[in-house]
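[1] With the input below, show me the fold.
(one chain, ligands or ions: 1)
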Amino acid sequence: MKSLLWLVGLVALAQQPPTRILVAYHSESGNTEKLAQAVRAGAASVAGTEVTLRKTSEVKTDDILRSDGIMVGTPVHWSNVSAETKRFLDQVGNTLWKAKSNGDGKTAAAFCTGGGVSMGKEAARVSILSAFLTMRFTVIGGVDAEGYGTLGAEATTGPADPGISEKEIEEARRFGERFARLTRRLRSSP
Ligand SMILES: Cc1cc2nc3c(=O)[nH]c(=O)nc-3n(C[C@H](O)[C@H](O)[C@H](O)COP(=O)(O)O)c2cc1C
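    Residues are numbered from 1 along each chain as shown. Prediction:
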């Protein structure tokens, strides 16, 4: 009986449509792009997930409408998101509005890179998350190496800590995995 239930559960999972995740990022000098690639790899590691990685400037209306979850990556510009990221958030809102839809039942998340340790990375991610909350998305954060929850993956890239470290890449991968796993769970619940 137990193994029959297990089998039924497995069949039901296999019949579930794929969970579609859009990872959209803006990047001028490649740092946020690197983090986005790690986030994408983490999300793609979850069975039954289809991930689309796109520059925000190349995201099409259909990419937004068909996605079950949207992850947005931005460089920090003057302690906030870049102007291009803000434009993209407006695009998401306008696209859903025109389709007479909203973020109910969909998930969203934020990640960023910034030159300084404490020069706006939190504000940038909160800015993205609050835009998504206003559109009625369910927002999902990350978990750091110590087990604390975070606002999403981040990396410091300035002279004091240049580039993206392996630790930051690993955290971004785990963030992508967690996002895809929880999005799939949300989409499969009645
Ligand atoms: C116009 C501009 C403003 C910036 N403002 C900040 C800032 O306020 N705080 C910060 O930590 N880094 C700031 N930076 C640094 C970038 O956030 C950082 O280099 C980032 O990793 C760039 O990402 P990218 O390579 O994906 O473009 C700024 C960079 C530019 C070009």
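[2] can we go C-alpha only for contacts and neighbour counts from here?
    OK.
[3] which sections of this structure are below the confidence cut-off?
    1-15, 190 (pLDDT under 70).
[4] what about the helices in it?
    2-15, 31-44, 61-66, 83-98, 121-134, 166-188 (DSSP state H).
[5] From residue 179, how far out is the residue most central in space within the chain?
    The residue lying closest to the centre of the chain (CA atoms, centre = their mean) is residue 71, at 2.1 Å. The span separating residue 71 from residue 179 equals 9 Å under the rule CA to CA, to the nearest Å.
[6] Between the two, which contacts overlap?
    Counting by CA atoms under 8 Å, 6 or more residues apart in numbering, the contacts common to residue 71 and residue 179 are residue 109.
[7] which bits of this protein sit near the ligand?
    Residues of the chain that fall close to the ligand, judged by CA under 6 Å from any ligand atom: 27-33, 75-79, 113-116, 119-120, 157.
[8] And stretch 144-163, what's buried?
    Neighbour counts using 16 or more other CA atoms under 10 Å place 144, 151, 152, 153, 154, 155, 156, 157, 163 of stretch 144-163 among the buried residues.
[9] Which of these sits closest to residue 64?
    The closest of the buried residues of stretch 144-163 to residue 64 turns out to be residue 152 (CA to CA; 20.2 Å).
[10] Look up phi and psi at the closest one.
    Dihedral pair for residue 152: phi 130, psi 170, per degrees, to the nearest 10.
[11] close enough to count as contact, it and residue 173?
    No - assessed by CA atoms under 8 Å, residue 152 is found out of contact with residue 173, at 11.0 Å.
[12] Any idea how far apart the tips of stretch 101-108 sit?
    Distance across stretch 101-108, first residue to last, is 15 Å (CA to CA).
[13] Same question for stretch 143-156.
    Terminal-residue distance, stretch 143-156 (CA to CA): 17 Å.
[14] which residues are in contact with that stretch?
    With contact meaning CA under 8 Å, 6+ apart, stretch 143-156 is reached by 35, 109-117, 121-122, 125-126, 140-142, 162-165, 168, 171-172, 174-175.
[15] which one of the helices of the chain is the most hemmed in?
    Stretch with highest mean neighbour count among the helices of the chain: helix 31-44 (a mean of 24; mean count of other CA atoms under 10 Å).
[16] Output it as CSV - backbone C-alpha positions only.
    The C-alpha coordinates for helix 31-44 follow below in CSV (Å, rounded to 0.1, in the frame of the first residue of the first chain):
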residue,chain,number,x,y,z
ASN,A,31,29.5,41.1,-12.6
THR,A,32,25.8,40.7,-12.3
GLU,A,33,25.8,38.5,-15.4
LYS,A,34,28.2,36.1,-13.6
LEU,A,35,25.9,35.9,-10.6
ALA,A,36,22.9,35.5,-12.9
GLN,A,37,24.6,32.5,-14.5
ALA,A,38,25.1,30.9,-11.1
VAL,A,39,21.5,31.6,-10.1
ARG,A,40,20.3,30.0,-13.4
ALA,A,41,22.4,26.9,-12.8
GLY,A,42,20.9,26.4,-9.4
ALA,A,43,17.4,26.8,-10.6
ALA,A,44,18.0,24.5,-13.6
